[in-house]
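Participant: structure here, sequence nowhere to be found:
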């Protein structure tokens, strides 16, 4: 949610900042802005409502954006409406200020009381945002040293922030800070690139460090100083970025979502790489090795997440109970945090998140730890907030995911959940033969997905028949129930079609009243322990005029007589079916969005990483 880019160096800042904002567009935003400190020290600001290209066109018509230090932002409205005035960057008081410009991600919770204090001091505010209050506070505390003013201001605020600011009185200085919201500093040759994530940095340098909470960094072209908000100097741990530039570029694909759907075989191959020991018949997970004994003796496992990550966690709970033989459940992270959860001895809480920055999930994880639970993470982004908060964890290794609607991260989360269940189960009840055979099935999944992807065009043709329908049902049983939820979510997210996912049997308890002639009903109807039950549910839909779209097992000819359209997936063991059954539903949602003319990678009202509640 929201994006920050900042630069100090020798290159024209405006060009680099706009390029960075475009790479962060997937995070979700409604307005954008840039501030550049020019050679004479004057800070020029440009802001606009809408896409970054609107801002780019605005800057092209103006002079004074030729400096080599600047900050930029894409805003998702929280405090105040979607207006140019409320867009970032914000500046301190125009009369009594010092030419300070600021961009900010997060929420300043005590902004109202600070604003009252500043109004009494004579400050005049233009907009409605908490960010404008923060930059006025920095201006009020400024005494010739921007770094110290930022430190002093941050000692007075509560809430979350990632900020970058510049000042006309110190044209060669960029000050950045972080608490709660992600911020990275890329270290180049005589330059620094700061951004919300590495996708805006990797084109310029592969060396970077992540700011820790309550850390402030003062950057010039030739120097770097990191300290706490209390001005205790600390060392920055500079590491090599693991992302390749080609991974965040479209290549020959029309959209990032389609690219990432087709990347799933390679992504899962990376997830498995180096983690399968056939000789010993076991999974090797170095990230949790020190906790193997505690995990094997755990009494309860709870998987938490939001959206797609929660659906993966739901599948994980099936896997834990089936293979590890440990009571397992799942919960919305946003609900877990506030419902006074029971965390007893031997409890393990697994946080599932692609970005590792999901605010609800991070807060729920912290709550679980405070109550004595072991905290594990199933995360994609290395060094993210959740990854640093956990006792141990497993990275997905699926590569950067740019499309807002998660695809390859979902299958990565399910794959890792399966690996974790096998890891624990082998230390409890599972035989070496069972684990060895299951590992062979896991390794075959990428090839299975390759075969499913070849159906993309036929799935598009099937989807086209139903594209005008505004209400869909997605139904599945057992471990494929969360797949039904995920299929419905994908369709909602990017095509704006109303869709509901539910257990197939639940349909008879109310939702069956919705079914009318021609209503699309998508069934995950693969051969498994509940296959016959699903067929009965299909008959109930058909008898009421609904149109059945089935995801079925290859070789199932009988299903053709019961469905208008069939998408086939390879025959895999029941507990691993979600890894293949979700793929046709991803393609269905993608094609529906394209056919309806929607912005697939940047759906309205959504952000890739939800960093505020």
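Facilitator: That came in fine, so what should we check first? Values in this document were obtained by computation on a predicted structure and should not be read as measured data.
Participant: which residues does stretch 112-130 contact?
Facilitator: Counting by C-beta atoms under 8 Å, 6 or more residues apart in numbering, the neighbours of stretch 112-130 from elsewhere in the structure are 78-81, 83, 85-86, 90, 93-96, 104, 107-108, 111, 132-134, 136-137, 140, 156-157, 159. Any C-beta I mention is one placed from the backbone N, CA and C, and that applies to glycine too.
Participant: mind redoing it with 6 Å?
Facilitator: Residues lying outside stretch 112-130 but in contact with it, judged by C-beta atoms under 6 Å, 6 or more residues apart in numbering, are 79, 80, 85, 86, 93, 108, 111, 132, 133, 136, 137.
Participant: how about stretch 334-343?
Facilitator: Counting contacts by C-beta under 6 Å, 6+ apart, the residues outside stretch 334-343 that touch it are 304, 360, 363, 364, 367, 368, 371, 372, 373.
Participant: let me know the closest of these to residue 27.
Facilitator: The shortest distance between residue 27 and any of the contacts of stretch 334-343, using C-beta to C-beta, involves residue 360 and amounts to 16.7 Å.
Participant: and the strand or helix carrying that closest one, what other elements does it pack with?
Facilitator: Residue 360 belongs to helix 359-370 when elements are defined using DSSP states H and E. Counting contacts by 3 or more C-beta pairs under 6 Å, 6 or more residues apart in numbering; DSSP states H and E, helix 359-370 packs against helix 333-336, strand 347-353, strand 374-379, helix 385-389.
Participant: okay, the angle between it and strand 374-379?
Facilitator: Between the axes of helix 359-370 and strand 374-379, defined by axes from the mean of the first three to the mean of the last three C-alpha atoms, to 10 degrees, the angle is 160 degrees.
Participant: next, the buried residues of helix 359-370.
Facilitator: Judged by neighbour count (16 or more other C-beta atoms under 10 Å), helix 359-370 contains these buried residues: 359, 360, 361, 362, 363, 364, 365, 366, 367, 368, 369.
Participant: beta partners of residue 179?
Facilitator: residue 161 (DSSP bridges).
Participant: so for the helix holding residue 360, mean pLDDT?
Facilitator: The predicted model gives helix 359-370 an average pLDDT of 92.
Participant: how far does that helix sit from the chain's center?
Facilitator: 16 Å (C-alpha atoms, centre = their mean, to the nearest Å).
Participant: and the angle for that helix with strand 347-353?
Facilitator: Comparing the axes of helix 359-370 and strand 347-353 via the same axes, to 10 degrees yields an angle of 160 degrees.
Participant: which residues are contacting helix 359-370?
Facilitator: By C-beta under 6 Å, 6+ apart, the list of residues contacting helix 359-370 reads 304-306, 333-334, 336-337, 343, 349, 351, 353, 375, 385-386, 389, 611-613.
Participant: just the buried residues out of those, in PyMOL syntax.
Facilitator: Applied in PyMOL, the following selects the buried portion of the contacts of helix 359-370 according to 16+ other C-beta under 10 Å:
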select buried, resi 304+305+306+333+334+336+337+343+349+351+353+375+385+386+389+611+612
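Participant: which of the contacts of stretch 334-343 lies closest to residue 172?
Facilitator: Sorting those by how near they are to residue 172, with C-beta to C-beta, puts residue 363 at the top with 38.3 Å.
Participant: now the contacts of stretch 334-343 in CSV, with distance to residue 603?
Facilitator: As requested, those are arranged in CSV below (distance: C-beta to C-beta, whole Å):
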residue, distance to residue 603
304, 24
360, 20
363, 25
364, 25
367, 30
368, 31
371, 36
372, 39
373, 34
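Participant: thanks a lot, see you next time.
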